[in-house]
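**Q** how would this look folded up:
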Amino acid sequence: MGKKESNEITVKIKGTLQDLYTILEEKHFKKIEMFSINDTYFIPQNLEMNKLTTREILTKAILVRDITRKMPEMKYERTLTVKKKEIDLDGNIINQSSIDCEVLDIGIAKSFVEAIGYKSIMTIREDDIVYEKDDFELAIKNIVNGDKLIEIETNDKNPAFNTIEKLKRKLTEIDIPIYEDNYFVKKAEIESDKILGR
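**A** The predicted structure follows:
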């Protein structure tokens, strides 16, 4: 079991993914990771969703996460994951953490979560490519039937990238095509709203 505490910004990409990859490579960013994620969200069966906001619903969620790493080597990771986010009134993520418990079989993990009173509400699938330059990493996220995003996590080991404000400054400095109106795009809320018809 592992606990992770960090913060992140997530922004929408302008233009095509291929254009972004070309721009990053022209700026001497190197591709260091490629992986796919399938996140299935489970919520308590007795949750009265019509009385809750999407954000309130997702605070109750358990994720069954299936990651297939394709680069630098083929590797599979399967976890039960619980995420906690502190979000201010403006929608900015102030702090977040997650706890992961490794599982051997995704089917059994889903059956276990259902057995303790949860039901599946959605699965988000994405393909990611991580680029890096001078210790600054960007995860390019291609959500299947959804948005194209860039996610950047704070890096406590590097003082140049250990706060949200520093990440925003660096992202502006490297001058890539993004929408700057929202640095905290919440993909799970966007996808949930589609499913819930909100």
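**Q** Going by neighbour count, which residues in stretch 86-105 are buried?
**A** 93, 96, 98, 100, 103 (16 or more other C-beta atoms under 10 Å). Placement of C-beta: from N, CA and C, glycine included.
**Q** Phi, psi for the residue lying closest to residue 27 once chain neighbours are set aside please.
**A** In space, and not counting its chain neighbours, residue 27 is closest to residue 174: 6.4 Å by C-beta to C-beta, 6 or more residues apart in numbering. Main-chain dihedrals, residue 174, degrees, to the nearest 10: phi -80, psi -10.
**Q** I'd like to know how far residue 174 sits from residue 98.
**A** 27 Å (C-beta to C-beta, to the nearest Å).
**Q** would you say residue 191 is within a helix?
**A** Yes. When DSSP: H, G, I helix; E, B strand; the rest coil is applied, residue 191 is found to be in a helix.
**Q** Report the contact partners of it.
**A** 122, 124, 143, 146 (C-beta atoms under 8 Å, 6 or more residues apart in numbering).
**Q** helix, strand or coil for the closest residue to residue 47 other than its chain neighbours?
**A** Of all residues not flanking residue 47 in the chain, residue 60 sits nearest, at 6.1 Å (C-beta to C-beta, 6+ apart). The local conformation at residue 60, judged by three-state DSSP, is coil.
**Q** how distant is stretch 155-168 from the center of its chain?
**A** 18 Å (C-alpha atoms, centre = their mean, to the nearest Å).
**Q** Let me see the ranges of the strands in this protein.
**A** With DSSP state E, the ranges of strands along the chain come out as 2-6, 8-12, 30-44, 62-71, 75-87, 93-102, 118-133, 136-143, 148-153.
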